[in-house]
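**Q** I would like the atomic coordinates for the input below:
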Amino acid sequence: MTFSAKIGRVAAAAVAAVIMFSTAGCGSTASDGASAASSPSGDDVITVVASINQWGMLAKEIGGDKVDVVSILGTTNVDAHDFEPQTSDIAAISKASVLVVNGAGYDEWATKATTGAQSVVNAADTVGASDGDNPHLWFSSDARTAVAKEISEAYGKAAPSSKSYFSQRLATWTKSENELESNMAVFSKNHPGATYAATESVAYYLMSDLKFTDVTPQSYAQAMLNESEPAPADVQKIQKVLTSGEASLLINNPQEQSDMTAMVTKSADEAGVPMVDVTEQVPEGTTGLIAWMNSLISQFDKALTKDSNTDDATSQSTESSSPQPSDSSSTGTAESSGDSDQ
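**A** Below you'll find the model as predicted:
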């Protein structure tokens, strides 16, 4: 069985688990309006607001039908770095019993409005990340695991009578996360020494978990992390990384497009470096964080495998086109040698 086939089977199992968890998916989004954050009927149903849909999905998976989850930012059409919440968004946050935020400077608009929440789960705090660190924590296995545990504990405090229910769901989710980590180990074994460059460091933690080596020029990466335009010299550096074959793969964040990133992706295309798009927000139709990670890993595997097969085909073609000694040449040499003996 191929690696991608194994990923597909695990992804299918993850989808089935999510459907079992709840047919409601990851809950409502901000487009439903602030009224969606009002507590539904039922003594044990907890009102939960997540600043972004990455953590909103996880909050729903752990909470099941005993939580009502609203994700304020839940579309790939919006740049999270430029997002400005509406008054209704802030009102929803203030009414939440449990608030799940990313932290690390990614969603300050949400962290500043946490005073009305009974319990706050801050992803950055769970792993010791702070402002200035890479804020895309949902791509980190350690962060997902820590946040899932914190969410379960927050739910248990908000609804003590359902504590065992949340613990069971956490255990089920943890099993799926462990299977994902096993897939990561298989991927790393199948692609030793894999390298990558990135137009923006959105998938840094995932690539680290997969044992990729980041060959993105540091000055370029730091400029993008600071949300500033890289200097022309830095752009030339990452283009050279691609054209020289130093990078096995290019990660592109389509939510951060510009003339500069277009130059980088063009260099990758011309150099034959495979490229995979990775967004910050969860793509529409995705059932959960684990399913999303498995999908990305499968895309990386296919890109690297295809690139490897292309290299092999090119090598074989080159070898077959190399001039070979002809029979007539060998015969002629032998005859010449024979004449000399005479």
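
**Q** any weak-confidence spans in the chain?
**A** 1-43, 115-117, 307-342 (pLDDT under 70).

**Q** can you map out the strands along it?
**A** 28-29, 46-52, 67-73, 98-101, 119-122, 195-198, 213-214, 249-252, 275-277 (DSSP state E).

**Q** return the distance of the third one from the chain's centre.
**A** If you compare the mean C-alpha spot of strand 67-73 with that of the full chain, they lie 21 Å apart, counting by Cα atoms, centre = their mean, to the nearest Å.

**Q** use 15 as the first number for this chain going forward.
**A** Fine by me, first position is 15 from now on; the one you just mentioned is strand 81-87.

**Q** tell me what that strand is packed against?
**A** strand 42-43, strand 60-66, helix 67-77, helix 101-109 (3 or more Cβ pairs under 8 Å, 6 or more residues apart in numbering; DSSP states H and E). C-beta: built from backbone N, CA, C; applies to glycine.

**Q** dump those to JSON lines, plus distance to residue 151 and mean neighbour count.
**A** Shown next, in JSON lines, are the helices and strands packed on strand 81-87 (distance: least, Cβ to Cβ, whole Å; neighbours: other Cβ atoms under 10 Å):
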{"stretch": "strand 42-43", "distance to residue 151": "20", "mean neighbour count": "20"}
{"stretch": "strand 60-66", "distance to residue 151": "10", "mean neighbour count": "28"}
{"stretch": "helix 67-77", "distance to residue 151": "9", "mean neighbour count": "28"}
{"stretch": "helix 101-109", "distance to residue 151": "19", "mean neighbour count": "19"}
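
**Q** residue 297 is nearest to which of these?
**A** Minimum separation from residue 297 across those (Cβ to Cβ) falls at helix 67-77, 10.1 Å.

**Q** residues contacting that closest one, please?
**A** Residues outside helix 67-77 that contact it (Cβ atoms under 8 Å, 6 or more residues apart in numbering) are 32, 35-36, 38-41, 43, 60, 62, 64, 81, 83-85, 87-89, 112, 114-116, 135, 137, 152, 158, 161-162, 165-166, 169, 180, 183-184, 187, 295-296, 300, 302-303.

**Q** likewise for stretch 127-141?
**A** Applying Cβ under 8 Å, 6+ apart, the contact partners of stretch 127-141 are 63, 69, 104, 107-118, 120, 125, 143-144, 147, 149, 151-152, 154, 156-157, 160-161, 163-165, 168, 171-172.

**Q** for ChimeraX, what selects the buried ones among the contacts of helix 67-77?
**A** Filtering the contacts of helix 67-77 down to the buried ones (16 or more other Cβ atoms under 10 Å) takes a single ChimeraX command:
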select :32,35,36,39,40,41,43,60,62,64,81,83,84,85,87,88,89,112,114,115,116,135,137,152,158,161,162,165,166,169,180,183,184,187,295,296,300,302,303
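
**Q** for burial, what's the neighbour tally of residue 299?
**A** By other Cβ atoms under 10 Å, 6 other residues sit near residue 299.

**Q** give me phi/psi at it?
**A** Main-chain torsions, residue 299, degrees, to the nearest 10: phi 90, psi -10.

**Q** now residue 141: closest residue in space that isn't a chain neighbour?
**A** Spatial nearest neighbour of residue 141, excluding adjacent residues (Cβ to Cβ, 6 or more residues apart in numbering): residue 157 at 4.9 Å.

**Q** quick one, helices of the protein?
**A** 17-35, 67-77, 101-109, 122-125, 137-141, 155-172, 177-204, 218-223, 232-239, 246-257, 273-285, 303-335, 341-355 (DSSP state H).

**Q** quick one on the thing from earlier: out of the helices and strands packed on strand 81-87, which is closest to residue 205?
**A** Nearest of the helices and strands packed on strand 81-87 (Cβ to Cβ): helix 67-77, 25.4 Å.

**Q** identify the residues contacting residue 298.
**A** Residues in contact with residue 298 (Cβ under 8 Å, 6+ apart) are 89-90.

**Q** how many other residues sit next to residue 279?
**A** If you count neighbours by other Cβ under 10 Å, residue 279 ends up with 18.

**Q** excluding chain neighbours, what is closest to it?
**A** Leaving aside its sequence neighbours, residue 279 sits nearest to residue 266 (Cβ to Cβ, 6+ apart; 5.7 Å).

**Q** can I get the strands of the chain in JSON lines including distance to residue 252?
**A** JSON lines is the format used below for these (distance: least, Cβ to Cβ, whole Å):
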{"stretch": "strand 42-43", "distance to residue 252": "35"}
{"stretch": "strand 60-66", "distance to residue 252": "28"}
{"stretch": "strand 81-87", "distance to residue 252": "28"}
{"stretch": "strand 112-115", "distance to residue 252": "32"}
{"stretch": "strand 133-136", "distance to residue 252": "33"}
{"stretch": "strand 209-212", "distance to residue 252": "6"}
{"stretch": "strand 227-228", "distance to residue 252": "11"}
{"stretch": "strand 263-266", "distance to residue 252": "9"}
{"stretch": "strand 289-291", "distance to residue 252": "13"}
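
**Q** of all these, which lies closest to residue 239?
**A** strand 209-212 (10.5 Å).
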